[in-house]
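K.L.:
Got a predicted structure plus its sequence, pasted below:
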Amino acid sequence: MDMRTEPYILHEEPGLKKYCACGLSKNKPYCDGSHHGTGMHSYKVEIEEERTVAICGCGQSKSKPFCDGSHLSL
């Protein structure tokens, strides 16, 4: 993902979500398929119940696609 100084905070409904892993999506943090042909894949996450999530924006999280606070040390 491209460099951001903060995570994407999203209110998600239940269902399969695909988050960008390559940084090329024009619809970040969601995958728009821009990674096709790069050998990369999206992060696929099943959201089981309505909740708020923090999706990594800096690319440094050890728990991608979720934020672990790594952006605080950049």
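P.N.:
Alright, I've got the coordinates.
K.L.:
which residues touch stretch 23-35?
P.N.:
Applying CB atoms under 8 Å, 6 or more residues apart in numbering, the set of residues contacting stretch 23-35 from outside is 1-2, 8, 10, 17-22, 38, 41-43, 55, 57, 59, 65. Where C-beta positions appear, they are placed from N, C-alpha and C, glycine not excepted.
K.L.:
Out of those, list just those in strands.
P.N.:
Y8, L10, K17, K18, Y19, Y43, I55 (DSSP state E).
K.L.:
Reformat these into a markdown table and put pLDDT next to each item.
P.N.:
Below are the ones in strands among the contacts of stretch 23-35 laid out as a markdown table (pLDDT from 0 to 100):
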| residue | pLDDT |
| --- | --- |
| Y8 | 97 |
| L10 | 98 |
| K17 | 98 |
| K18 | 98 |
| Y19 | 97 |
| Y43 | 97 |
| I55 | 97 |
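K.L.:
Weed out the non-buried ones from the residues you listed.
P.N.:
Among these, those classed as buried by 16 or more other CB atoms under 10 Å are Y8, K17, K18, Y19, Y43, I55.
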